[in-house]
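Engineer: from the sequence below, what's the structure:
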Amino acid sequence: MPKSRPPYPLKFRRRMVELVRAGRTPEELSREFEPSAQAIHNWVNQADLDEGKRKDGLTTLEREELARLRRENKQLRLEPDAGCLPQRVPCVDNPSSVETGDKRCGDDGADPRREGVGNRRPLLPLQIRPQTPNSERGS
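Structural biologist: Reported below is the predicted structural model:
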């Protein structure tokens, strides 16, 4: 398993990028200094993106914004606002919910937004016809 270490200082990474642009190879620099040649390649590519020399990736600012938005989305998914929850609908599994006006899907109060867990089919509107003496069964 590779060793984990804190990130190299920004000033050091900038100096490595300058040395590569001055003509030294990342492999040569990796032998002389500690970072791997691949890390130095990555720093040069990221510097090119930040300076607008390349357009095939995200700039550092865009990466930071994307990370922030992902953290924010994760937090919002973990703590949903009670006022934003969808209203539950009556289900076939609990026909009494139609009569009582209960909006829950079954007695367990399962959240219909959760895929595959307590997710039941919604009850379709029924048309109840009054029974007439001619329509009674068994006569």
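Engineer: which stretches of the chain form helices?
Structural biologist: Ranges of helices within the chain are 10-21, 26-32, 37-50, 60-78, 96-100, based on DSSP state H.
Engineer: select, out of those helices, the one closest to Lys3.
Structural biologist: helix 37-50 (12.8 Å; C-beta to C-beta). Heads up, the C-betas are built off the backbone N, CA and C, glycines and all.
Engineer: which residues sit against that closest one?
Structural biologist: The contact list for helix 37-50 (C-beta atoms under 8 Å, 6 or more residues apart in numbering) reads 8, 13-14, 16-17, 20-21, 25-27, 29-30, 54-61.
Engineer: domain parsing for the chain?
Structural biologist: Annotated domains of the chain cover 10-78, 82-118 [automatic domain parsing].
Engineer: got a list of what Ser36 touches?
Structural biologist: Contact analysis of Ser36 by C-beta under 8 Å, 6+ apart lists Ser30.
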